[in-house]
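Undergrad: quick one, fold the following:
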Amino acid sequence: MEFRKDIKTVELLSPSLQFKSEIQRIEYREDPLTGYQSRLNLGRAGRVRQAQQDELDLGRTIEETRAGCFFCPHNMERETPRFPPKLWPGGRIRKGESVIFPNLFPFAEYHAVGTLTGKHFLELNEFTPEMLMDNLIACKQYIALVHQNDEGAKYPMWIWNHLPPSGASIIHPHVQIILERAPAPEVGKLLERSEQYFRRYSRNYWQDLIKEEREMGERYIGENDSLAVAASYAPRGNRDVQLIFKEVGNLADLDEKQITDFATTIVKVLYCYKGMGVNSFNLITYSAPVGENPDYYCLNARIVSRPIFQPLYTSDSGFMERFFDIWVIESMPEEVALAMRELF
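TA: Now for the predicted structure:
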């Protein structure tokens, strides 16, 4: 397994140094499996952002959005859709505080939303494993119901976009669950490259990745019985953390122990994010098809931080990411791992 890196230095005469020479270091990295490129420059983290504000006060936004929130208990029955009786006679799937219902504006044939809590807003260190466990169990039930009704729908995704910088349109904590007939392009690529790796080396890439990261120690964060956690070598976002299951290949086959370990791990990452000053993030799973656990693949997930939610902020996604699929990063994976490792 190759962790490719090319280091370049750039000289400029910096106004912050009275126009004396300054050397900046840029790392060009490639993902070991996909070849995706990342460019890392820690100096970018300190650059001036004209839209940035020093003071952050979410209180007003939270209160202004609470009364009309579709996902809060006082509005949910009236404002959210229901599943047709042929799928689920109860209309909505419930488990603890979590409620699963159809997305009012879907962009997939099978596209549901699931609330995580009855509370309109939670700080990242206020989420509990029980909230996520209930949600994952309810989402598994939705996946099973859809697949039973339509066997062609077999590629599940569990997605959590938190706060507007992540693309979320609603403050209330919620996830999205999608089932597709064909894998999303990124999922298809991961499955294909993982199979190629298995054919070439007779080993599972994801299990090898866990072993390599554990032995090198630079980006390894920790693990439990079900999954391992490491900062991504070639990040696709700032503070990019990979969660890699050791045995299971698809989301629908997670057992109670794996769900518990997954939920506990996510909560730990969110707690670390809170300590880093993060309040917005994206989390997505990459799953094999329902009912399939190929020898060459392990279910995995990624979580990346997004810009701090405030009235004005600068996007962390620009032309390099949108048009060239090259990720410009200002947080070193090795430093992210060091900051998170203690909690694990």
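Undergrad: who are the contact partners of residue 333?
TA: If you count contacts by C-beta atoms under 8 Å, 6 or more residues apart in numbering, residue 333 has them with 218, 219, 231, 232, 233, 235, 240. Using the backbone N, CA and C atoms, a C-beta is placed for each residue, glycine as well.
Undergrad: how about it: what's its closest non-neighbour residue?
TA: residue 231 (3.7 Å; C-beta to C-beta, 6 or more residues apart in numbering).
Undergrad: gap between that neighbour and residue 120?
TA: 32 Å (C-beta to C-beta, to the nearest Å).
Undergrad: the more surrounded of these two?
TA: residue 231 (25 against 19; other C-beta atoms under 10 Å).
Undergrad: pLDDT score assigned to residue 11?
TA: Listed pLDDT for residue 11 reads 89.
Undergrad: number of residues surrounding it?
TA: Residue 11 has 9 neighbours, counted by other C-beta under 10 Å.
Undergrad: my guess is it contacts residue 21. True?
TA: Yes. With contacts counted by C-beta atoms under 8 Å, residue 11 reaches residue 21, the gap being 5.9 Å.
Undergrad: so which elements touch the lowest-mean-pLDDT helix or strand in the chain?
TA: Confidence across the helices and strands of the chain bottoms out at helix 319-324, with a mean of 77, counting by mean pLDDT, DSSP states H and E. Helix 319-324 makes packing contacts with strand 326-329 when contacts are defined by 3 or more C-beta pairs under 8 Å, 6 or more residues apart in numbering; DSSP states H and E.
Undergrad: which parts of the strand it packs on are buried?
TA: 327, 328, 329 (16 or more other C-beta atoms under 10 Å).
Undergrad: where does this protein have low pLDDT?
TA: 44-57, 311-314 (pLDDT under 70).
Undergrad: spatially central residue in it, please.
TA: residue 283 (1.6 Å; C-alpha atoms, centre = their mean).
Undergrad: I'd like to know the beta-bridge partner residues of that one.
TA: residue 160, residue 303 (DSSP bridges).
Undergrad: so which of the contacts of residue 333 wins on neighbours?
TA: Across the contacts of residue 333, neighbour numbers were computed from other C-beta under 10 Å; residue 235 holds the maximum, 27 neighbours.
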